[in-house]
Structure formats: structure tokens, C-alpha cells
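S.K.: pasting the sequence and the predicted model now:
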Amino acid sequence: MQSTKITNRVLNADALAKAVADMQAILAQMDTPSQENCGADDSDPDSSVDITDITSEPKGAAEKVTTTSTRHLPSANTTEVPLKEELKPGYVIFPQPILVNESEKRTYQVGTFDGKPVYHYWSRAEQFLSSFEYATPFGKRFLLDEPDSLLPPENPADTNRHPTPGIWWPGPGNSNKKFRFQRYYSIRPSTLGGFGAYAVQPLEKGQVILVERPLLLTTHAQVSDDVLALPPAALAIYKSLDGGKSPSWVNEIKNRNCFDLRHKIGFFAIASRFNHACRHASNVSYTFDHLRKVMVLAANKDVEAGTELTINYGAPSSACLYTMYGFVCRCGACRPLTRRDLELMGADLRECARWGLADKKEIEW
Ligand SMILES: C[S@@+](CC[C@H](N)C(=O)[O-])C[C@H]1O[C@@H](n2cnc3c(N)ncnc32)[C@H](O)[C@@H]1O
């Protein structure tokens, strides 16, 4: 079991006890085969990774774009974009433009995926990654061969201002020096739901694929203030995360994307894009290095190129997953929730469909 989990609800002790009792009652009523129970993987492999650097930003003609995304972004962000002809493996892409350079008001389009525009921003290469020992899901180690990283630039002047000292977020606006392709995965539309991470090359068990600083490290109590205090580039990334359709978008995004990091919660531009898989179906494990304040993701089994990379959110069953995180799991490793399950759980199915928590097929029997 991982020490960090994505969490959905802020529960006090009483509410938690009630939720557990409710859930036990629901589960007692449900015809739940043992295969439904989902658990995190425990593995202990080795790591071997290397890097590719690029030294300049992609060039291309500026072009107006529109997006079909319903997620919240100020329309002013959909302005001039340098168009790249093709979507290269390993790019980090987003379903809508990310405002990365406040002064130039530019966003970056990479190309199209399934007929929809997708966008790319670069992660900044970390110069000192190999100097420190990092906590990985499989023990402490020096990452001599650097994984993809979203870490601070060596010159603090390169950072955008951030309410939390030491926190940095990515974007070409931060520096004109070296940027690195995301070599091990790309973030792209997923069959599980929304966007997800896919291996762009075969991964060996134990390979560290990502070391990432939080976009925001905060607490449940502080999240609203801290999110609203984010500078535009970081706020745009936060808003681009899953959710964000309702007036209470800050909490909605929080509920779907935050990682519980002991007394804090964290949001990540990339790690928060990894979808969930139940039981031992997840192929990536994660841990938060509290000393270095980085999230470290590593393959927990050999993975073929093109496979979706999934983590385990930590819920013990698909029913719990639904109750805690509000989505119907489609990972294939658990018994999918039925309409009856959802009814027993008191879910408003139309509301589920409206929020994309259950698609039409799932609610039409
Ligand atoms: C942390 S986000 C993961 C990235 C997200 N798919 C996106 O587009 O940004 C969690 C959300 O992804 C979706 N999701 C993750 N794992 C899923 C799964 N196994 N089945 C269905 N939906 C899933 C759910 O909508 C969930 O609220």
C-alpha cells in the first residue's frame, strides 16, 4: 500500500464513522464478488532511465485555435499559438490551451488527437537531480540516470512567483534554457476517462518515470485561498485538471485530483493525470518524497509501449472508489458497478451521467 493517496472528501471523525457505517450497509446489500476488491500493488524493482534534452522551444506559425473543451479557462487564453505539425511521442498535452507566457499571451498547440486540438508545454530539465537521494516507491536511491522531471530551475530568478517558497511549476515562460521531452509517457485522451498517461516506450519494472514538484502544496482548509492566489500559468494548469465544470470548481478539482501527503495535499500537473486501476492492475506506483518535496512515480511491472499507465488511488473496492472519488471505475480489473449498485448507493444516475461519472451505456439497461 502506498503512503500517499488521492483523496476526495474532507471528513471529520464523526462523518468518517458514518460514511464507513453507510458503506458497510451498502456493501452488505450488494452482491459483491471477491474479485471486486481492489488493492494497491506492492513490488520492489530496480530503476534504469535516461534523458533527452531539447535546447529551444518549438517553432511554428502562430494560429488561432478553438477548443471543444468544457473546462474552465478564460477565453483570453485561446489566443495566438505556434502550431506544430505533428504530435510527437512523449509530449505532455492538455485538452485546452495552457497560458504559459503571461507577457506574450501565448499558448502552444502541438497538433490534433482524435480530431481535437491538443496542447503541449515543456517540463524544465533539472540539473541537480542526480546529486540527491530520492525516496522512490521501491526505496531510496540516487537517480543517476535522470527520469522525466518537473523540478525547479537552478536559477531561482527563473521561477514565477508562488505563495509557497520552493514550489515551482513548469512552462516555457519560466526559462529559455533547456527543456526536456517527456520521454517515458505522454498524456493523452484515455479510454478510461478524460486524459491519461501512456507509455511511449517499453518500461522496465522499477523504472522511475517521473519526479515532479507539486503545482500546489496546501491543506484542505487553505486550498481555496491558495488556488486563487496562484499566478496565471499555474492557475490555468490547475483549471485544466479533471473537473472544474461547476461554480465550485476549486473544490471539484481538488476532490478529483489531490494527493493526500500526510498533513498536506498536493496537486501535480502530470501525476494528477494518471488514471486509476484496481487491485494489481495498476502498473505504476508512487510515493511522495517529503524531504525533497517531489512526487516520484515508477513502473511496478514491465510495461509495453502504448499501454495506459495507471496508479492505484487506494480505495478497497469499486464501490468505495465511487463513494470516495465519485467515478465509476472502468479499469477492467474490478467488477463494474451496476445500475442497482448505484441505486443502492443512493446515486442520482442522471446526475452521474451529467458529470460524466457514468456514461449513457452504463445507465441504460
Ligand atoms: C486524478 S484524475 C485522472 C486524470 C483524468 N482522467 C483527467 O482527464 O485529467 C481522476 C479522474 O479520472 C477519471 N478516472 C480515473 N481513473 C478512472 C477509471 N479507472 N475509470 C474511469 N474513470 C477514471 C475519473 O473521472 C476521475 O475523477
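M.R.: Yep, it's here.
S.K.: any weak-confidence spans in the stretch 1-150 of the chain?
M.R.: Within the stretch 1-150 of the chain, the segments meeting pLDDT under 70 span 1-131, 143-150.
S.K.: kindly recompute the last result at 80.
M.R.: Within the stretch 1-150 of the chain, the segments meeting pLDDT under 80 span 1-134, 141-150.
S.K.: check the stretch 251-365 of the chain too.
M.R.: Looking at the stretch 251-365 of the chain by pLDDT under 80, you get 292-293, 323, 339, 342-365.
S.K.: one more time with 70
M.R.: In the stretch 251-365 of the chain, residues with pLDDT under 70: 347-365.
S.K.: now the helices for it?
M.R.: Using DSSP state H, counting those that start in this stretch, the helices found in the stretch 251-365 of the chain span residues 318-325, 339-344, 349-354, 360-363.
S.K.: the second one packs against which elements?
M.R.: For helix 339-344, the packing partners by 3 or more Cβ pairs under 8 Å, 6 or more residues apart in numbering; DSSP states H and E come out as helix 349-354, helix 360-363. (C-beta placed from N, C-alpha, C; glycine too.)
S.K.: and for the closest residue to residue 266 other than its chain neighbours, the neighbour number?
M.R.: With Cβ to Cβ, 6 or more residues apart in numbering as the criterion, residue 266 has its nearest non-adjacent residue at 4.0 Å, and that residue is residue 214. Using other Cβ atoms under 10 Å, residue 214 has 27 other residues around it.
S.K.: let me see the contact set for residue 214.
M.R.: 167, 266-268, 293, 295 (Cβ atoms under 8 Å, 6 or more residues apart in numbering).
S.K.: how many neighbouring residues does the residue in the chain positioned nearest to the ligand have?
M.R.: Of all residues in the chain, residue 194 sits closest to the ligand, at 2.3 Å by Cβ to the nearest ligand atom. When counting by other Cβ under 10 Å, one arrives at 16 neighbours for residue 194.
S.K.: nearest residue to it in space, ignoring adjacent ones along the chain?
M.R.: Nearest one to residue 194, counting by Cβ to Cβ, 6+ apart, is residue 242 at 5.2 Å.
S.K.: show me what contacts that neighbour?
M.R.: 194-195, 253, 256-257, 272.
S.K.: that one: what secondary structure?
M.R.: coil (DSSP: H, G, I helix; E, B strand; the rest coil).
S.K.: now it: how far from residue 133?
M.R.: Note on residue 242: its distance to residue 133, by Cβ to Cβ, to the nearest Å, is 33 Å.
S.K.: buried ones in stretch 297-311, by neighbour count?
M.R.: Buried residues in stretch 297-311, counted by 16 or more other Cβ atoms under 10 Å: 297-301, 303, 307-311.
S.K.: tell me the residues of the stretch 151-300 of the chain that contact the ligand?
M.R.: Residues of the stretch 151-300 of the chain lying close to the ligand by Cβ under 6 Å from any ligand atom are 190, 192-196, 241-242, 256-257, 272-273, 275-277.
S.K.: pick out the most distant pair among the residues you listed.
M.R.: 241 and 277 (19.1 Å; Cβ to Cβ).
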